[in-house]
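sharing a model that was predicted from the sequence below.
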Amino acid sequence: MCLRPCDSERRDTTMPRTRSRVCLQDGLRLDLNRLARKGFIKFGTNIGIRGIVWNNRFWGEVVGIISADMTDPHDSWLGIQIRESRQRITLVSRSRHFGGRQWFFVCPATSRIVTVLWKPPGATRFCSRKAWGRQVAYASQFMDRDSRAHHGQSKINSRLCSLGEFDPDEWALPPKPKWMRWKTYNRYEQKFERYEAQLDAGLEELAARLKLLESK
């Protein structure tokens, strides 16, 4: 399947319709803030050339090269090369109310400013989630309600365990990590409980169906 970016608010009518959507997580992801946290880029500087590796379940190991010049807030860019494919993405920054600047990608297809770009399977470049429209879907959209609830709980468990250095096999909902604010932890807890309520509802529906079958 060859994917072409399009503005989802004004679909490209020349693009052939697809019978099924591509899973977005099967592609490659560029998260600007994560790149900065991991040291691949540095806001306000020119980093030169650095290697990057994705361990992707669809393609396996993917090796790329990143370069970025962020010395000028009004004329900055990030370059990405994967094999023979090369792309240069414009970067912009905006002043924060509390000081400093927030950096963004400019989506090559929609010109929207975003912090995450995606390259789904079959695509030739990175664009924003909005650009791919209904050609793609998140992995959770391929799941039923109970599977989404289990997946959501697993993500919360993994996040809290990684921050608090807990063993994920010993906890369903881990305690609050030491440096996490209670307000943040309470949001995770409430979300976890909503997923639990969905699973309880699913069990009740299953029990009701089994009871109905037994009565026939």
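Alright, I've got the coordinates. It should be emphasised that the depicted structure is a prediction, and the values quoted were computed from it without experimental measurement. Residues are numbered from 1 along each chain as shown.

check which helix or strand covers the nearest residue to Pro73 once chain neighbours are set aside.
Closest residue to Pro73 apart from its sequence neighbours, by Cβ to Cβ, 6 or more residues apart in numbering: Ser93 at 4.4 Å. Yep, even glycine has a C-beta here, placed from its N, CA and C like the rest. Using DSSP states H and E, Ser93 sits in strand 85-95.

other SSEs contacting that strand?
Under the contact criterion of 3 or more Cβ pairs under 8 Å, 6 or more residues apart in numbering; DSSP states H and E, strand 85-95 touches strand 76-82, strand 101-106.

can you list the domain ranges for the protein.
Here the domain parsing of the chain from automatic domain parsing is 22-136, 143-215.

so how far is the longest one off the chain centroid?
The one in question is domain 22-136. Remark: domain 22-136 is offset 12 Å from the chain centroid, using Cα atoms, centre = their mean, to the nearest Å.

what about it, average pLDDT?
Averaged across domain 22-136, the pLDDT comes to 86.

report how many residues lie close to Val106.
A count of neighbours around Val106, defined by other Cβ atoms under 10 Å, yields 17.

bridged to it, which residues?
According to DSSP bridges, the residues that bridge with Val106 are Ile113.

quick one: contacts for it?
Val106 makes contacts with 89-92, 112-113, as judged by Cβ atoms under 8 Å, 6 or more residues apart in numbering.

if we go to 7 Å?
Contacts for Val106 (Cβ atoms under 7 Å, 6 or more residues apart in numbering) come out as 90, 92, 113.

same thing with Arg29?
Residues in contact with Arg29 (Cβ under 7 Å, 6+ apart) are 116, 118.

quick one: strands adjacent to the helix or strand hosting it?
In this assignment (DSSP H and E), Arg29 forms part of strand 28-31. Counting by DSSP bridges, the strands paired with strand 28-31 are strand 116-119 (antiparallel).

quick one, helices of this protein?
Ranges of helices in the chain, per DSSP state H, are 32-37, 129-132, 145-164, 182-215.

which one of these lies closest to Gly122?
Gly122 lies closest, by Cβ to Cβ, to one member of these: helix 129-132, at 10.4 Å.
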